[in-house]
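Peer 1: Quick one: sequence and predicted model below, then my questions.
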Amino acid sequence: MKLTIDDKQVTAKPAQTVLQVAQANGIDIPNLCYDPRLAPSGSCRLCLVEIEGQRALQPSCVFEAAEGLVVRTNTDEIRQIRKTILELLFSEHKARCTTCDENGKCDLQSYAYEYQLDEASLGAGRGAEPAPNYTTGNLALEYDPNKCIRCARCVRICDEVQMAHALTFKNRAAETEVATAFDIPLNDSTCVLCGQCISTCPTGALYDRSAKGLCQAKDMVRTRTTCVYCGVGCQIDLNVNPKTNRIVRVTSEVGCIPNDGNLCVKGRFGMDFVGHPERLTTPLIKRNGSFEKASWDEAIEVIAGKFKKIKSETGPDSIAGLSSAKCTNEDNYVFQKFIRAGIGTNNVDHCARLCHASTVAGLARAFGSGAMTNSIDEFRNARCIFVIGSNTPEAHPVIALSLKEAVVKHGAELIVADPREIDLVPYAKLHLQQRPGTDVALINAMMNVIIEEGLTDKDFIAERTEDFEKATEAIKEMTPEKAEKITGVRAEAIRQAARIYATAETASIVFSMGITQHTTGTDNVLSLANLAMITGNVGRESAGVNPLRGQNNVQGACDLGALPNVYPGYQQVEAPDIHAKFEKAWDRKLSARNGLTVVEIFHAIEAGFIRALYLMGENPALSDPNLSRTRKALEEVEFLVSQDVFLTESGQYADVVLPAFCFAEKDGTFTNTERRVQRVRRTVNPPGQARDDWEIVCDIATAFGYRMHYENASQIMDEIASVSPIYGGISFERIETVGLQWPCANKDHPGTKYLHKGEFKRGKGKFHPVRFKEPAELPNKEFPFVLSTGRLLYQYHTGTLTRKVPAIHQVCPTGYVEIHVQDAEKHGIGDGDSVEVSTPRGKVTTKARVGTMVARGWLFMPFHFAEGPANMLTNDALDPIAKIPEFKACAANIRPI
Amino acid sequence: MQSDRNAPLDKTAALEICRSMGQITSDSLIPILQQIQDSYGYLPAEILFEVSRQTGLHVNHMFGVATFYEQFHLEPRGRHTIKCCRGTACHVRGGREIANTLKRQLGVEEGCTTADMRFTFETVACLGTCFLAPVMMVNNDYYGNVASSRIKSILEKYK
Ligand code: SF4
Ligand code: SF4
Ligand code: SF4
Ligand code: FES
Ligand code: FES
């Protein structure tokens, strides 16, 4: 499509508006109510343009581009109108830029300058303290009606993008103001504190409360980096006041990949931990039971000496290391290299074991690769989305936006299978509330229907897969009626779900810890893979099997070999050719045997086989199952090193504590859940003598007798690329602006949007026969409930980071247990009562939340809280293949206290 | 109509209204609010939250609409509505004094309802009968050429 704008010939894409075409061609048209994330409203009229053949001036943000249009954007008449509009806005805008935080980035201000508004037309400034409104007292955001120009962008983004429906305009004409329904405080409304409203506000009317007065926008230095909180890997801009070396606020650019300027509460408001006074600033050595400050030289000497001694006495396998999903790829690579080549053991793992080891094991068996098959932006166009065991809105909030968008804007059909009534349920066509731990029965029954009703993709099964027949027997046994008895889901609902999934043109499965954290975790994953294969829903755009990875860099930590059975790039430790390749690359004899996994490491400490443990950024004293047992092991282990940002619960047990950089002080990369390798950039100066994780590891390795040295993180990535084919084409230079998705074999490879196109990584997709097994621990007389654990939107992992942020902590400051109303009545428990939850392993006191979030017969507890640690209760029974513990189902009891 | 302000409201009528609406779309919003107001006399917050749960319509939208149109009320209304004119014609002929007298006798500010739920007192821009100024209305009854001294006897007609 060709048109003319201001005498310039330009080309337009279909469905673009005149404004969008102009912007794409470097022609600036002033606008205030436009945001590409929103449906255009055409209300501010600032973007008016002259279009030949149209009688009146037209708002260019609404007017669609068409062949042959002749547009003028900047005539005298238009400029005069714009000036009048701006003057009107300013007479309502009762504030002064001199004291406004947005000064320097405010659209209204810059147009006022561009159109040279007369000082006399500016309204009288009112006091700095905004009149009481829906944000009064909120610790995250603040609204100032005096600065508001009523463009409705905040109201629209809350409705259209976040779909939280918290905001509205109240009253009319000059009285119009943004409000919540009935003016209730924001935290009592449906708001989820995503801050999308702040991000779209063109003025300083909506602003981060904690950033007020700390630096004006014009003086801030912005650095693009990757969010540290979850596997979505949102691109964030840290806004730093260079005078105070402090992160003042977080913004994100509209249009950036993968999050398009949207964030969640953690990414937007969760940075207070960075410069927190409790950060570790020097190495600490424990002497006579208490920590004393030490120099780096001392600390490293103690560690290297101790490791040497233990290795010479009982061999390399008596040492183990836990790497971290919070650290960068470079840190993880260097860490596992030290453990493998320096120490000489494969005892290296990290907490991904606790969330997605079964994903990696299951999908690798079925498809040959354990990662998300598709990209985040493909959800938008999936025709059916089957979400099972993923509380996406809480755990991966920004991905949840695409899921909702798919349903609301593109008519996708959503099926949610989750024992809890999660926030996706209102968008779902079907909600299957299966009893925890019965996923295999449910999925097999869906396949049963698909086979019965002839809905399989026969060509796909024949050409692209193997062993289909072996899997069918278990499927044929599991009729929907039988599954109804096991899962509690009506047979008819199972049938409907099966039909929707099987007949959709593109169907995408989304799952997370609700599937993986079971003793049958690997089975669950394998049966999902079966489901995708019998309907041919994998290896195509928008169709696939998509595990959402929890922590910011679990994907990377796995990719880089922080696992006991694989070298970087999922290359098997026990494969002789691979082993030989790494011996050569790392110039050392390497152990040819797989190492121990996290929980096995703790059991080996108990048994006295493992004597030294090196923790890099891990806090097993809160994250691991059966906590009392884990804590006992930490106490017992002869030598414990904790390298972290804070002195954690685990750090308390350590012999040596080392202060590390946090993500805002590091250069490096994280790999998000869609396999995208993205930059992490140094933004602020680190506290005290803290050092970068990889540098510390290199120094310990060198003192230990294995010389390791790198100039910078980029050099480490080059080494990674040279040994790990899936990262073969990745370098800092190539990912400077946008991350690349692995596999990326060489410097010319564009990265891979979706996996298994044409052929599975392992050749043919492999069906596995999977039969339903009950969870390891079933409810009984003494412990009649099923207890499940999980995460909250407002907290992150062990809470080390989020619980230091008042803006986040205000919403959900304490732990709780959810119980169904009827169960609560029966046990004499009221909402908010103190209760004791017990399992065969321990007791915890917490508060009851009575409602219908969970079905009858079971309990749910978030795991982030040290004062009511849910993991005192959970079962450390393991999945036999992936060795993942059963966090999602154990027998429990509850009583009022 | 409800008279005790603190008692929880009976939701039956609201549930019935939601059921009778059939297929809910965004066009259902205003009709639902009208029916709720007819039934409860105003738009009580707790009822609108219930309507939202039943219909999937969002409370923020209900609130926006309810504050935009004059016809909707978010506070309970008295059994009788007094409208006192503050238009120019009435003002010139002593309307101010009428309003002040009403305020004194009712013991409430304009826009408010008396504690016994007998009257809601409002002022309006012009009642359209300027030739009778000063004018006030109680429910649908007009009173023209009002003098302060008459007010007591007018109010007594409404129990
Ligand atoms: S923070 Fe998010 S959910 Fe809350 S009002 Fe703003 S856009 Fe809506
Ligand atoms: S607060 Fe900002 S985004 Fe919302 S209406 Fe006012 S100016 Fe627009
Ligand atoms: S969704 Fe994840 S990556 Fe994005 S802002 Fe939130 S925590 Fe950060
Ligand atoms: S930007 Fe087009 S009308 Fe506001
Ligand atoms: S001014 Fe009072 S009725 Fe017109």
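Peer 2: Perfect, thanks for sending it. Ligands and ions are numbered 1, 2, ... in the order given.
Peer 1: From now on I want contacts and neighbour counts done on CA atoms only, so please keep to that.
Peer 2: OK.
Peer 1: Any idea how far stretch A:629-640 is from the middle of the chain?
Peer 2: Per Cα atoms, centre = their mean, to the nearest Å, the displacement of stretch A:629-640 from the mean C-alpha position of its chain is 30 Å.
Peer 1: Next: stretch A:611-621.
Peer 2: For stretch A:611-621, the gap between its own C-alpha mean and the chain's C-alpha mean amounts to 23 Å (Cα atoms, centre = their mean).
Peer 1: contacts for that stretch?
Peer 2: Contacts of stretch A:611-621 from elsewhere in the structure, counted by Cα atoms under 8 Å, 6 or more residues apart in numbering or on different chains, are A:307, A:310, A:318-324, A:326-327, A:350-351, A:605, A:627, A:630-631, A:634, A:637-645, A:648-651, A:693, A:798.
Peer 1: now stretch B:119-130
Peer 2: Residues outside stretch B:119-130 that contact it (Cα under 8 Å, 6+ apart): B:77-90, B:99, B:106, B:108-114, B:135-136.
Peer 1: For residue A:94, the count of nearby residues, please.
Peer 2: Applying the criterion other Cα atoms under 10 Å in any protein chain shown, we find 19 residues in the vicinity of residue A:94.
Peer 1: Which pLDDT value goes with it?
Peer 2: The confidence metric pLDDT takes the value 76 at residue A:94.
Peer 1: repeat for residue A:789
Peer 2: You'll see residue A:789 listed with a pLDDT of 76.
Peer 1: ok, residue B:158 - how many residues close by?
Peer 2: By the measure other Cα under 10 Å, the count of residues near residue B:158 is 12.
Peer 1: so what's the residue of chain B found nearest ligand 1 up against?
Peer 2: For chain B and ligand 1, the shortest gap (Cα to the nearest ligand atom) falls at residue B:60, measuring 10.7 Å. By Cα under 8 Å, 6+ apart, the residues touching residue B:60 are A:165, A:166, A:167, A:168, A:180, A:181.
Peer 1: So which bits of chain B are right by ligand 4?
Peer 2: Residues of chain B lying close to ligand 4 by Cα under 6 Å from any ligand atom: none are found.
Peer 1: Domain boundaries for chain B, per the record?
Peer 2: Residue ranges for the structural domains of chain B, counted by automatic domain parsing, are given in the record as B:12-68, B:80-156.
Peer 1: Extract the residue ranges of the stretch 651-800 of chain A that are flagged as low pLDDT.
Peer 2: Low-confidence regions of the stretch 651-800 of chain A, defined here as pLDDT under 70, cover residues A:776, A:791-800.
Peer 1: need the helices for it, in chain order.
Peer 2: Using DSSP state H, counting those that start in this stretch, the helices assigned to the stretch 651-800 of chain A run over residues A:693-704, A:713-723.
Peer 1: swap in chain B?
Peer 2: Applying DSSP state H to chain B gives helices spanning B:12-20, B:29-40, B:45-55, B:59-68, B:88-92, B:95-106, B:151-156.
Peer 1: hey, which of those is tucked in deepest?
Peer 2: Mean neighbour count, computed with mean count of other Cα atoms under 10 Å in any protein chain shown, is highest for helix B:59-68 among the helices of chain B, reaching a mean of 22.
Peer 1: can I get the CA coordinates of the host helix or strand of residue A:577 in PDB?
Peer 2: Here residue A:577 is covered by helix A:576-586, with elements defined by DSSP states H and E. Backbone C-alpha positions of helix A:576-586 (Å, rounded to 0.1, in the frame of the first residue of the first chain) are rendered in PDB as follows:
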ATOM      1  CA  PRO A 576      32.300 -41.400  25.800                       C
ATOM      2  CA  ASP A 577      32.800 -39.000  22.800                       C
ATOM      3  CA  ILE A 578      31.300 -36.100  24.700                       C
ATOM      4  CA  HIS A 579      33.300 -36.900  27.700                       C
ATOM      5  CA  ALA A 580      36.400 -36.900  25.600                       C
ATOM      6  CA  LYS A 581      35.500 -33.600  24.000                       C
ATOM      7  CA  PHE A 582      35.200 -31.900  27.300                       C
ATOM      8  CA  GLU A 583      38.400 -33.400  28.700                       C
ATOM      9  CA  LYS A 584      40.100 -31.800  25.800                       C
ATOM     10  CA  ALA A 585      38.300 -28.400  26.000                       C
ATOM     11  CA  TRP A 586      38.900 -28.100  29.700                       C
END
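Peer 1: and the angle from that helix to helix A:713-723?
Peer 2: The directions of helix A:576-586 and helix A:713-723 differ by 150 degrees, with axes from the mean of the first three to the mean of the last three Cα atoms, to 10 degrees as the criterion.
Peer 1: Can you list the low-confidence ranges for chain B?
Peer 2: Confidence mapping of chain B against pLDDT under 70 gives the ranges B:1-7.
Peer 1: Need the outlier residue of chain B, farthest from its centre.
Peer 2: Largest separation from the mean C-alpha position in chain B: residue B:23, at 29.5 Å (Cα atoms, centre = their mean).
Peer 1: Name the residues of the stretch 151-300 of chain A found near ligand 3, please.
Peer 2: Those residues of the stretch 151-300 of chain A that sit near ligand 3, judged by Cα under 6 Å from any ligand atom, are A:227, A:229, A:230, A:232, A:233, A:234, A:263, A:264, A:266, A:267, A:268.
Peer 1: Not counting sequence-adjacent ones, nearest residue to residue A:741?
Peer 2: Setting aside the residues directly before and after it, residue A:741 is nearest to residue A:676 in space (Cα to Cα, 6 or more residues apart in numbering or on different chains), at 4.0 Å.
Peer 1: Without its sequence neighbours, what residue ends up closest to the residue of chain B closest to ligand 1?
Peer 2: By the measure of Cα to Cα, 6+ apart, the closest residue to residue B:60 outside its immediate chain neighbours is residue A:181, 4.6 Å from it.
Peer 1: May I have the strands that pair with the helix or strand hosting residue A:613, each with its orientation?
Peer 2: For residue A:613, the element it lies in under DSSP H and E is strand A:612-616. For strand A:612-616, sheet partners with direction are given as strand A:319-322 (parallel), strand A:639-644 (parallel), following DSSP bridges.
Peer 1: Any chance of a markdown table for those strands, columns mean pLDDT?
Peer 2: Output for the strands paired with strand A:612-616, formatted as a markdown table (pLDDT from 0 to 100):
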| stretch | mean pLDDT |
| --- | --- |
| strand A:319-322 | 94 |
| strand A:639-644 | 94 |
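Peer 1: Which one of those strands lies nearest to residue A:406?
Peer 2: When the strands paired with strand A:612-616 are ranked by distance to residue A:406, counting by Cα to Cα, first place goes to strand A:319-322 at 38.8 Å.
Peer 1: can you map out the helices along the stretch 301-450 of chain A?
Peer 2: Listed in chain order (using DSSP H, counting those that start in this stretch), the helices of the stretch 301-450 of chain A are A:329-337, A:357-366, A:392-395, A:397-410, A:439-452.
Peer 1: How far away from the center of its chain is the third one?
Peer 2: Here helix A:392-395 shows a centroid-to-chain-centroid distance of 8 Å under the convention Cα atoms, centre = their mean.
Peer 1: Is there contact, residue-wise, from that helix to ligand 1?
Peer 2: No. Applying Cα under 6 Å from any ligand atom, one finds helix A:392-395 out of contact with ligand 1, separated by at least 11.9 Å.
Peer 1: export that helix as PDB, just CAs?
Peer 2: C-alpha atoms of helix A:392-395 as PDB (Å, rounded to 0.1, in the frame of the first residue of the first chain):
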ATOM      1  CA  THR A 392       0.100 -18.400  35.000                       C
ATOM      2  CA  PRO A 393      -1.300 -15.100  36.300                       C
ATOM      3  CA  GLU A 394       0.600 -15.500  39.500                       C
ATOM      4  CA  ALA A 395       3.800 -17.300  38.500                       C
END
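Peer 1: helices or strands up against it?
Peer 2: Under the contact criterion of 3 or more Cα pairs under 8 Å, 6 or more residues apart in numbering or on different chains; DSSP states H and E, the helices and strands touching helix A:392-395 comprise helix A:397-410.
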